Structures are given as structure tokens and as C-alpha cells.
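Novice: Output the structure for:
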Amino acid sequence: MILNPTFVELLFEKMVEKKNRRIVIKIGSNIIARENFGLDLQNLSKITDVVANLHKEGDHVVIVSSGAIACGLELLGYVKRPRELALLQACASVGQGKLIENYSREFQRHSIQVGQVLLTREDFVSRRSYLCARRTLEKLLSIGVVPVINENDATAVEEIKFGDNDTLAALVAAMINTDYLFLLSDVEGFFRDPSDPSTLVSVIDEITPEIELKAKGTVSKYGSGGMQTKVQAARIATCSGAEVVILNGKKPYLILEFLAGKEVGTRFVARERIPGRKHWIAFALPPRGRIVIDEGASKALVERKKSLLPAGIKAIEGKFEAGDAVLITDERGNEIAKGISEYASNEAVKILGKKSAELKKMGFEGLPEEVVHRDKMVILEGISRKRGKEYGRC
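Specialist: Residues are numbered from 1 along each chain as shown. Okay, here's the model as predicted:
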């Protein structure tokens, strides 16, 4: 269905003057998949009409779309979603081609080319792969192509079992410095009480423990995730400076209404953008171990913006290598920071509690004085209420 031209023109007249915005739109399986598998082509058409209007107004749009498994189940003749992981991977492999074929056909109505990009968690863990993926997306946008991104479900075992495209969309939003991330859901937004429509929260300035507690995870017929993953995605994307909006994906025109200034859905307010490398450390790298520090070291990291030295370390947990990401916690288990360790765990355990002069006597002369350098560290939420560049926090 093509949107009414008059309606669209009126909306764009009211939009903010800024053009060339970067917009990521995440489309879940429950938005474009039919009850009996396959795609809801009518809603897919509505979504592409909205994206096409944004594209033609000068905005750069990236789509993060689920739906490959649903397409594969239909093509292979399944009437029930199988549990076998290898079979789900096979369905994703078969369905991915059909998914991009449908996107390509819909966008051809608007003379817009699409480009398929399949990503896995490893593409974000490896700094080299991360930068390569970013360059690819930047080039696609610069030549007027709409990237259609999905997880590479055919090979990403962990992502099929536990992953979700909300997180992927948030990481992509951070990767390309997005202005807006729209998470299209099967609900109107975030509700304090899902059973009471009057409890819709229009604006969330800060993701508090209360918000996280109310965002209970759910699993749909087709994919994984729920409000909990959307709130987690909002934390990732807002720390990169993006506004995050949860909208009813069955009404994709709400994207245009939001950009025109109407209060719809739930908006998570963008925070001051933290540097790209620190955002990568905070959200893309999985922690391989844990470093427990004393109160003095905690204050040095948070209040005085210092690096982590061996003298303040109380314990080393887990096995990790130099260059791996580690969580830094206090003795009560509160997460203070996350960073890249200069030492392997078997080395760090030998120097914990030691002062710099003692390290030389132990044969560590010439090695870094810092276990985690400030430049490779991010202060995590919940320590100080101060935000932004000053603390490099998220």
C-alpha cells in the first residue's frame, strides 16, 4: 500500500529542518511474519513506503530485519517451528534469499536499490571486522543504497539461541553514529503495567533499575527477545547519542508522525555520545574475566579518572589473555567499569596488591604499570550521577 501523497507532504512540512539524518529501523519477525509462516507482504509494503519517503527526503536509512527463518519455514513446507538448531539454521539459510528478494522487489517500486549485509557477534568483537563493516555501511549509504541487515543465523549458533535483532540494531546504530533508532514492536511502546493501556510511558530520560525490572523478556512464535531486549538496546544506542523509539510496527507511518513532532510510542532520550572505541569496549566486547578492586581504587577510577593499578586489585576471577575485555567490580559485586586488560589473568594474579616499585623486583620491569589503562576503560552505570565525556561513562 502506498501512503497518501498529501498526508506524507503534510508530515514532512512539519518535520525538523535537519535532513540527511541517519535512521536505523529494526523490524522484528512478529511485524513482517504471517501466523502460518512466510512474510506479511502487506505490512512489508507499508514499511518500505515509509522508508522510501525518508530516503527521498535526504535521510539515510538502514533496515535491520528479522524474517529469514519464517521465510525458510514456509519454503520448506513446515507448519510448526522446529526445535532442532541445525534445522533452524537450514531454514535461515533457505529463507534469507527470499527475504532480501522481497525487500528488493518492494524498493524497486521506488527505484531504490537495497544491499544485503549479514553480520554476527564476531563482526563486532573483532576491531578490524568492526571497522570493515562500518566502512561498508558508510559506502552503501553514500551511494544511495538502503542496507538491509540481518544476523547470519545460518552460522551464528549463539545468536539463534539467545540473540536478538534489537541488540544488533543498537550496535549498528552506534557503529554509524545514528540519529534515531526505531524499534518496531507488536505493542505501542513501554508500559509500566502491560495490562493497563493508560500506563504507556512517553519519554524515558534514564534507564533505571525499575525500568529494567518491568521490562520482562518474552519470546514470540518466530524469534527471540521482548521488551527486555528493547530496553537493553536502548541503553546501547542512547550511549552512542541516538534517540531510541519503540513504536507499533503494524503502524509504520508512526515513524513519520514522530519525526514530524507528534508524541507517539516511547522515546528513550539520547545521552551524550561516548567515543566510538569506548562504546565498542562497553557493548560489543564480551568480558572474559573479572577484576575485583578495593574502595580506594574504585574512587580513583570514578572520581579521579585514573587507570587501574595493581595496588588496588583484591582478586582476579576467570581466565583471560592480555587484550581481552574484563569487568571491574568492587568487593560487593557492583560493576564499576569495563576495559581491556594489559595482562593475562595468570600474570595479573601475581601482581595484585603490589606497588610499582615491587613489580620491578618481581621481574615485571618494562611491562605496563596499568592493568587497565584509562584510555581503554569505560565507567559503567550506577557509580556517579555525572555523565558524558568527563567520565567516559555509559
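Novice: alpha carbons only for contacts and neighbour counts from here, please
Specialist: OK.
Novice: Tell me which helix or strand the residue nearest to the spatial centre of the chain sits in.
Specialist: Central residue of the chain (Cα atoms, centre = their mean): Ala170, 2.3 Å from the mean position. Element membership of Ala170 [criterion: DSSP states H and E] is helix 165-175.
Novice: what's the first-to-last distance across stretch 174-186?
Specialist: Taking Cα to Cα, to the nearest Å, stretch 174-186 runs 24 Å from one end to the other.
Novice: how about the helices in the stretch 151-300 of the chain?
Specialist: 157-162, 165-175, 209-214, 227-238, 254-259, 276-279, 295-302 (DSSP state H, counting those that start in this stretch).
Novice: how about CSV for those helices, with distance to Arg34 and mean pLDDT added?
Specialist: Putting the helices of the stretch 151-300 of the chain into CSV (distance: least, Cα to Cα, whole Å; pLDDT from 0 to 100) gives the following:
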stretch, distance to Arg34, mean pLDDT
helix 157-162, 20, 45
helix 165-175, 18, 94
helix 209-214, 28, 85
helix 227-238, 21, 92
helix 254-259, 21, 96
helix 276-279, 36, 89
helix 295-302, 49, 94
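Novice: which parts of the helix holding Ala170 are buried?
Specialist: Using 16 or more other Cα atoms under 10 Å as the test for burial, helix 165-175 gives 165-175.
Novice: coming back round to it: residues contacting the residue nearest to the centre of the chain?
Specialist: By Cα atoms under 8 Å, 6 or more residues apart in numbering, the contact list for Ala170 reads 181, 233-234, 236-237.
Novice: try 7 Å this time
Specialist: The contact partners of Ala170, by Cα atoms under 7 Å, 6 or more residues apart in numbering, come to 233, 236-237.
Novice: filter those residues to the buried ones?
Specialist: 233, 236-237.
Novice: So in that sheet, which strands flank the host helix or strand of Ile328, and in what orientation?
Specialist: For Ile328, the host element (DSSP H and E) is strand 325-329. Taking DSSP bridges as the criterion, strand 325-329 forms sheet pairs with strand 289-293 (parallel), strand 335-341 (antiparallel).
Novice: Helix 295-302 and the first one, what's the angle between them?
Specialist: Read that as strand 289-293. Per axes from the mean of the first three to the mean of the last three Cα atoms, to 10 degrees, the angle that strand 289-293 makes with helix 295-302 is 110 degrees.
Novice: Let me know the average pLDDT across strand 289-293.
Specialist: On average, the pLDDT along strand 289-293 is 97.
Novice: And for it, what's in contact with it?
Specialist: For strand 289-293, the surrounding residues in contact (Cα under 7 Å, 6+ apart) are 312-320, 326-331.
Novice: Mind giving me the PyMOL select for the residues you listed, buried ones only?
Specialist: Here is the PyMOL selection string for the buried members of the contacts of strand 289-293, based on 16+ other Cα under 10 Å:
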select buried, resi 312+313+314+315+316+320+326+327+328+329+330+331
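Novice: before we move on, back to that, deepest in the core, which of the helices of the stretch 151-300 of the chain is it.
Specialist: helix 165-175 (a mean of 27; mean count of other Cα atoms under 10 Å).
Novice: returning to that earlier point: return the member of the contacts of Ala170 nearest to Asn248.
Specialist: Checking the contacts of Ala170 against Asn248 by Cα to Cα gives Ala233 as the nearest, at 16.6 Å.
Novice: Am I right that that closest one is in contact with Asp164?
Specialist: No: applying Cα atoms under 7 Å, one finds Ala233 not in contact with Asp164, separated by 9.7 Å.
Novice: still on that earlier bit, the helix holding Ala170 vs helix 227-238, what angle?
Specialist: 0 degrees.
Novice: Mind checking the helices of the stretch 151-300 of the chain for the one nearest to Glu101?
Specialist: Nearest to Glu101, of those and by Cα to Cα, is helix 165-175 at 19.6 Å.
Novice: the strands in the stretch 101-250 of the chain, which residues?
Specialist: In the stretch 101-250 of the chain, the segments counted as strands under DSSP state E, counting those that start in this stretch are 114-119, 146-151, 180-185, 203-204, 243-248.
Novice: Give me whichever of those is most buried.
Specialist: Of the strands of the stretch 101-250 of the chain, the one with the most neighbours on average (mean count of other Cα under 10 Å) is strand 180-185, at a mean of 27.
Novice: Can I get that one in CSV, CA atoms only?
Specialist: Listed next in CSV are the C-alpha coordinates belonging to strand 180-185 (Å, rounded to 0.1, in the frame of the first residue of the first chain):
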residue,chain,number,x,y,z
TYR,A,180,17.4,7.8,15.5
LEU,A,181,16.8,4.1,16.2
PHE,A,182,13.2,2.9,15.7
LEU,A,183,12.3,-0.5,17.3
LEU,A,184,9.1,-1.7,15.6
SER,A,185,7.2,-3.8,18.1
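Novice: next one: stretch 92-109 to chain centre, how far?
Specialist: Put simply, stretch 92-109 sits 23 Å off its chain's centre (Cα atoms, centre = their mean, to the nearest Å).
Novice: Show me how this structure divides into domains.
Specialist: Annotated domains of the chain cover 5-273, 279-379 [automatic domain parsing].
Novice: Among the ones you listed, which one carries the weakest average confidence?
Specialist: For the domains of the chain, the weakest mean pLDDT is recorded on domain 5-273, namely a mean of 86.
Novice: chain center to it: distance?
Specialist: The chain centre lies 10 Å from the centre of domain 5-273; the measure is Cα atoms, centre = their mean.
Novice: What's the separation between the residue nearest to the centre of the chain and Val231?
Specialist: Distance from Ala170 to Val231, by Cα to Cα: 10 Å.
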